[in-house]
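Trainee: Structure, please.
(one chain, ligands or ions: 1)
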Amino acid sequence: MSSESRAVAAFTGLGLALVAVALAVAHTSREATGPDARPPTASSGAALPPAPSAGAPQYPGYPSETPPSFTQTREGWDFVRREAEIPMRDGVTLHTVILLPNGARHAPMLLTRTPYDADRYGSAADSVHMDMAGAPDVPVEALVGHGYIRVVQDVRGKHGSQGDYVMNRPVHGPQNPTPVDDATDAFDAIDWLVKNVPESNGRVGILGTSYSGFTSAIALYEPHPALKVAVPINPMIDGWRGDDWFHNGAFRQEMLPYIYDQEATRKSSVKWPRSARDDYDAFLEPGSAGELARRQGLDQLGFWNKVLAHPSYDAFWRDQAVDRVLAGRPLKVPVMIVHSLWDQEDIYGAPALYRALEPSDTRNDRVFLVLGPWCHGGWRRDGSSLGAIRFDADTALAFRRDVLMPFLDQYLVDGAPRADIAPVTAFETGTNRWERLRAWPAGCVSGCSIGATKLYLQAEGRAGFTAPAATGYEEYVSDPAKPVPFVPRPVLSIDLDEGHRLWREWLVTDQRAAASRPDVLVYQTDVLTEPVKVAGEPVANLVASTSGSDADWIVKLIDVYPPEVQAQPEIGGFQLPVAMDIFRGRYRESLETPHAIPAGEPLLYRFPLPDANHVFRAGHRIMVQVQSTWFPLYDRNPQTFVDNLFVAKPADYRKATQRVYRSASADRASFVELPVVRP
Ligand code: PG9
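Mentor: This is a model prediction of the structure:
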């Protein structure tokens, strides 16, 4: 830099510095004009410039570098982005983003109806590259070369859409007195799209994950004629039995932040404030889930007040269970239900929906099921592994490319060939191979059977397929003040990056940390000399007693790896969960009407564990763990019977001695009924 330019620069710098000082003074004095400060006066010497009128530069000689409005050029982008406010039958408009590949004509449309902000899709903020691949929840293969028009719509009451928001809005009926729901909104949206998107071929598919899996499934209730295919992925189907809100009556209190974020504001802009990095501390200190919710202000939120009023499986939950709503209705639209075997959020939904719809599929050509080795939403990630577990190939890409796209194309793309997709496409974990099956559950293509086989809990921490020789029990003290963490602490909050990764992977977390606790019972077989394959729902049959008057029972079916694994040393001795679930003891006699548990009385608790399609290989062991807390994912059972756990008082939380019985006689035998595949 020449001496002159340096001088000029210095002067300019000094000038700018003076301006900066003046601005700082002005700023400070402006700060000084806060609510508690005296208004500035001429004597303070800081003559403030006139407040800027909207858009006009405050300092005309030194204007803002940001223009009043910015128009994004779309040069080089491979798609056009449109927005539409689509009118529903009741006059409410739903904000809809439409992404059209450049030059699209006679193109299929793929619709997703989301509560999570349609504007994220294909917007400048989201697509850092100029192709549609940037839009989330979009099977990239659907766009590259397939030319789909991608449509994403805010559900009623959220983000850009008008109307009132109701969580997973029940269909019109006893739980929804209004004439509109997500079925009518899907119908009206599709009707508008096929009439107002001239580039389309008039054929619409609906696809979505989780909540959007729910909106995809409920679109089947009274489907629009232009709806040609539905793909609900990890759908929320029954929030009480086994999806987001409860599992068998135990409340998933880690969902409190979700309710807060989802319902406090239309744009979900106000987020749950966290009091500690470790959720274990944050959720333990307040006591009950209801007290924590009260402290955070959730009593202002409609859905939370409904949850508070309906802790049991009453009509409120039954009437809106999507599998029950759709069961028996005519199957007008082909549907592919996609399940994740390690779905940490909605592990109940997909199999339940399949079981509801399959009986109507008399020709076995309308209802399809996919079981992938994934976490919640894993179908759209890298499917080569999950946590420490490797699958030898990108299973998610294989699904998107070889199953999902041919399936969608055949119904949406004019002239597309019939897809060679089996009624059930199931990944067999343990051996890492895909299976083409005719139904689910099915242990093989043909020539095998599935037999309910009792894996008995035996003495001395053993498990085996023969009944125990003697009657007895194991016991542990369950202390609500020191609940078993569902993952090793610190239990990081899900909104932290590391917390979100741990949340995605928690269902494949090594269970040795739990196995070492005195309040977790462990039973395991001898080392297997032959592989044991299970396909379907294992069922826990626990004969147990408690010294309290209420109790939770958690049963875990686990694959124990050999002490040394040459191919992957870090998983030597790994205890891999295959199927785990919880049952709140008060609902033993009735899911709708809780009953106190008579203290000290051995009682049978029988409940299904999530579907598995797993081979326990030779050299491995089969393990069962039993415990009574699973915190802070599930709220603690006070272990004394109270009317509503949400308002249990600190004094209600008491230690209890739990006993798990073993016996040769059926009425005292505890076992896990395994759906073992036999050649
Ligand atoms: N599992 C989330 C959810 C679905 C439905 C209701 C509440 C939460 C989700 O991922 O959308």
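Trainee: Below-threshold pLDDT in the stretch 1-150 of the chain: ranges please.
Mentor: Where the stretch 1-150 of the chain drops to pLDDT under 70, the residues are 1-46, 49-50, 52-54, 121-145.
Trainee: Which positions in whichever strand or helix holds Val325 come out as buried?
Mentor: For Val325, the host element (DSSP states H and E) is helix 322-326. Neighbour-count burial for helix 322-326, counted by 16 or more other CB atoms under 10 Å, picks out 322-326. In short, each C-beta sits where N, CA and C put it, glycine included.
Trainee: now, which of the residues you listed sits nearest Ser516?
Mentor: Comparing those against Ser516 with CB to CB places Asp323 closest, at 38.4 Å.
Trainee: tell me the contacts of the residue nearest in space to the middle of the chain?
Mentor: Note on the chain: the residue nearest the mean C-alpha position is Glu345, at 3.6 Å, using CA atoms, centre = their mean. Applying CB atoms under 8 Å, 6 or more residues apart in numbering, we find Glu345 in contact with 210, 234, 236, 243-244, 376.
Trainee: Those residues also near the ligand: which ones?
Mentor: 210, 236, 244 (CB under 6 Å from any ligand atom).
Trainee: so which of the contacts of Glu345 is the most crowded?
Mentor: Most neighbours among these, by other CB atoms under 10 Å: Asn234, with 31 neighbours.
Trainee: Alpha carbons of stretch 179-186, as PDB, please.
Mentor: Provided in PDB are the C-alpha atoms of stretch 179-186 (Å, rounded to 0.1, in the frame of the first residue of the first chain):
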ATOM      1  CA  PRO A 179     -65.800 -31.000  10.100                       C
ATOM      2  CA  VAL A 180     -62.100 -31.000   9.300                       C
ATOM      3  CA  ASP A 181     -59.100 -33.100  10.100                       C
ATOM      4  CA  ASP A 182     -55.900 -34.300   8.400                       C
ATOM      5  CA  ALA A 183     -57.800 -36.600   6.200                       C
ATOM      6  CA  THR A 184     -60.100 -33.900   4.800                       C
ATOM      7  CA  ASP A 185     -57.100 -31.500   4.600                       C
ATOM      8  CA  ALA A 186     -55.100 -34.000   2.600                       C
END
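Trainee: what about it and the ligand, touching?
Mentor: No - judged by CB under 6 Å from any ligand atom, stretch 179-186 stays clear of the ligand, getting no closer than 11.5 Å.
Trainee: Could you give the separation of that stretch from the chain centroid?
Mentor: The chain centroid and the centroid of stretch 179-186 are separated by 23 Å under CA atoms, centre = their mean, to the nearest Å.
Trainee: returning to that earlier point: the helix holding Val325 packs against which elements?
Mentor: helix 211-218, helix 349-357 (3 or more CB pairs under 8 Å, 6 or more residues apart in numbering; DSSP states H and E).
Trainee: at 6 Å what do you get?
Mentor: When contacts are defined as 3 or more CB pairs under 6 Å, 6 or more residues apart in numbering; DSSP states H and E, helix 322-326 packs onto helix 349-357.
Trainee: need the next SSE after the helix it packs on, C-terminal direction.
Mentor: Toward the C-terminus from helix 349-357 - assigned by DSSP H and E - lies strand 367-372.
Trainee: which one is Val626 nearest to, not counting chain neighbours?
Mentor: Leu521 (4.3 Å; CB to CB, 6 or more residues apart in numbering).
Trainee: and stretch 435-444, how far apart are its ends?
Mentor: Using CA to CA, to the nearest Å, the end-to-end distance of stretch 435-444 comes to 7 Å.
Trainee: For that stretch, which outside residues touch it?
Mentor: Contacts with stretch 435-444, where a contact means CB atoms under 6 Å, 6 or more residues apart in numbering, come from 369, 422-424, 426, 428, 450, 535-536, 677.
Trainee: Just the mean pLDDT for that stretch, thanks.
Mentor: Here stretch 435-444 scores 92 as its mean pLDDT.
Trainee: Identify each buried residue in that stretch, please.
Mentor: Using 16+ other CB under 10 Å as the burial criterion, the residues of stretch 435-444 that qualify are 435, 437, 440-444.
Trainee: Secondary structure element for Val151, which one?
Mentor: Per DSSP H and E: Val151 is located in strand 149-154.
Trainee: by contact count, what packs against whatever helix or strand comes next after that strand?
Mentor: Helices and strands here follow DSSP H and E; after strand 149-154, the next one along the chain is helix 182-196. In terms of contacts (3+ CB pairs under 6 Å, 6+ apart), helix 182-196 is packed against helix 211-218.
Trainee: again, only this time at 8 Å
Mentor: Packing contacts for helix 182-196, counted by 3+ CB pairs under 8 Å, 6+ apart, involve strand 79-87, strand 93-101, strand 107-114, strand 200-209, helix 211-218.
Trainee: The residue lying closest to Pro490 once chain neighbours are set aside: neighbour count?
Mentor: Leaving out its chain neighbours, the residue that sits closest to Pro490 by CB to CB, 6+ apart is Asp278, at 3.7 Å. Applying other CB under 10 Å, we find 16 residues neighbouring Asp278.
Trainee: need the contact list for Asp278.
Mentor: Asp278 touches 489-492, counting by CB under 8 Å, 6+ apart.
Trainee: what do you get for Pro538?
Mentor: Residues counted as contacts of Pro538 (CB under 8 Å, 6+ apart) are 557, 578-579, 608-609, 612, 672-675.
Trainee: And the strands in the stretch 551-679 of the chain?
Mentor: For the stretch 551-679 of the chain, the strands defined by DSSP state E, counting those that start in this stretch occupy 552-560, 575-584, 603-608, 612-616, 621-627, 656-662, 671-678.
Trainee: And the residue of the stretch 551-679 of the chain found nearest the ligand, what's its pLDDT?
Mentor: As assessed by CB to the nearest ligand atom, the ligand sits closest to Leu633 within the stretch 551-679 of the chain, at 13.1 Å. Looking at Leu633, its pLDDT reads 97.
Trainee: can you offset everything so residue one is 396?
Mentor: Fine by me, first position is 396 from now on; the one you just mentioned is Leu1028.
Trainee: I'd say the residue nearest to Val1021 and Glu869 touch.
Mentor: Yes - at 5.1 Å, Leu916 and Glu869 qualify as touching, with contact defined as CB atoms under 8 Å.
Trainee: still on that earlier bit, Ala962: which of the helices and strands packed on helix 577-591 is closest?
Mentor: strand 595-604 (32.1 Å).
Trainee: now that closest one and helix 577-591, what's the angle there?
Mentor: Counting by axes from the mean of the first three to the mean of the last three CA atoms, to 10 degrees, strand 595-604 lies at 150 degrees to helix 577-591.
Trainee: Tell me which residues are up against strand 595-604.
Mentor: Applying CB under 8 Å, 6+ apart, the contact partners of strand 595-604 are 501-509, 532, 534, 544, 581, 585, 588-589, 609-611, 614, 619, 621-630, 771-772, 774-775, 803, 806-809.
Trainee: Paired strands for that strand, with orientation please.
Mentor: Strand pairing for strand 595-604, using DSSP bridges, gives strand 502-509 (parallel), strand 622-628 (parallel).
Trainee: rewinding a little: counting neighbours, what do you get for the residue nearest to Val1021?
Mentor: Leu916 has 24 nearby residues by other CB under 10 Å.
Trainee: Return the residues in contact with it.
Mentor: Leu916 makes contact with 852, 856, 869, 871, 1020-1022, 1055, according to CB under 8 Å, 6+ apart.
Trainee: Give me the pLDDT value at it.
Mentor: For Leu916, the pLDDT comes out at 98.
Trainee: mind pulling up the phi and psi values for it?
Mentor: phi -80, psi 140 (degrees, to the nearest 10).
Trainee: Against the ligand, how distant is it?
Mentor: 30 Å (CB to the nearest ligand atom, to the nearest Å).
Trainee: mind checking the SS state of Leu651?
Mentor: State at Leu651, reduced to three classes by DSSP: H, G, I helix; E, B strand; the rest coil: helix.
Trainee: rewinding a little: quick one: name whatever helix or strand follows the helix holding Val720.
Mentor: Going down the chain from helix 717-721, the next helix or strand is strand 730-735, by DSSP H and E.
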